[in-house]
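> sharing a model that was predicted from the sequence below.
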Amino acid sequence: QVQLVESGGGLVQPGGSLTLSCTASGLRLASYVIRWFRQAPGKEREGVSCINSSDGGTFYAESVRGRFTISRDIAKNMVYLQMNSLKPEDTAVYSCAAVRAASCLRASGMDYRGKGTLVTVSS
C-alpha cells in the first residue's frame, strides 16, 4: 500500500524557515516524480516544487524560486522542502504527491497524494 505522509509544518514568523518532510512508503523514489503543492484558504491549489525521479533535477514556481529548496534521500525514501525567508502569503496546507514518471516535465496529475501539513506564517 502506497502512503505519503507530510510533516514539519507549524507556525513561523515572517522571514523564518521551516523544513517539510514527505515520507514515502510502498513506492521507490527512483521511479516517481515527487511534487509539492500548497493550497491557501479560498485559493486554488498551486504547484510549488518538483523533483525528477531519474536525475534529481528540480523545478520551482516563480513565487518560491530562490527561497525554497527541494531535495530527496532515496535511501530513506524521503523528500524535503526547505523553506526560507517565509512570507505571510506562503501560509497554506502543503502536500506532496507522487507521479510515476522520469521527469517533472512529463508528469501530470498525481498517482498518490498525502494529506498535507499546515504552514502558518504570521507574527
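In hand now; what should we look at?
> the residue most central in space within the chain: which element?
Centrality entry for the chain: nearest residue to the mean C-alpha point is W36, 2.6 Å, by C-alpha atoms, centre = their mean. Taking DSSP states H and E as the definition, one finds W36 inside strand 32-39.
> pLDDT weak spots in the chain?
The chain contains no residues with pLDDT under 70.
> tell me what the helix or strand containing T69 is packed against?
Taking DSSP H and E as the definition, T69 sits inside strand 68-73. Packing contacts for strand 68-73, counted by 3 or more C-beta pairs under 8 Å, 6 or more residues apart in numbering; DSSP states H and E, involve strand 32-39, strand 46-51, strand 58-60, strand 78-83. For every residue, glycine as well, the C-beta is placed using N, CA and C.
> re earlier: mind listing the residues bridging to the residue nearest to the centre of the chain?
S49, C96 (DSSP bridges).
> mind listing what's buried in the strand holding W36?
For strand 32-39, the neighbour count (16 or more other C-beta atoms under 10 Å) marks 32-38 as buried.
> state the distance from the residue nearest to the centre of the chain to V79.
8 Å (C-beta to C-beta, to the nearest Å).
> what about the nearest residue to L81 once chain neighbours are set aside, which SS state?
What sits nearest to L81 in space, not counting adjacent residues and going by C-beta to C-beta, 6 or more residues apart in numbering, is L20, at 4.3 Å. Classification of L20 using DSSP: H, G, I helix; E, B strand; the rest coil returns strand.
> which ones are touching the closest residue to S54 other than its chain neighbours?
Of all residues not flanking S54 in the chain, A102 sits nearest, at 4.1 Å (C-beta to C-beta, 6+ apart). For A102, the contact set (C-beta atoms under 8 Å, 6 or more residues apart in numbering) comprises 33, 52-54.
> of the residues you listed, which is the most crowded?
V33 (26 neighbours; other C-beta atoms under 10 Å).
> how close does the closest residue to it other than its chain neighbours sit to E46?
Leaving aside its chain neighbours, V33 sits nearest to A107 (4.2 Å; criterion: C-beta to C-beta, 6+ apart). Distance, A107 to E46, by C-beta to C-beta: 16 Å.
> fine by me, we can end here.
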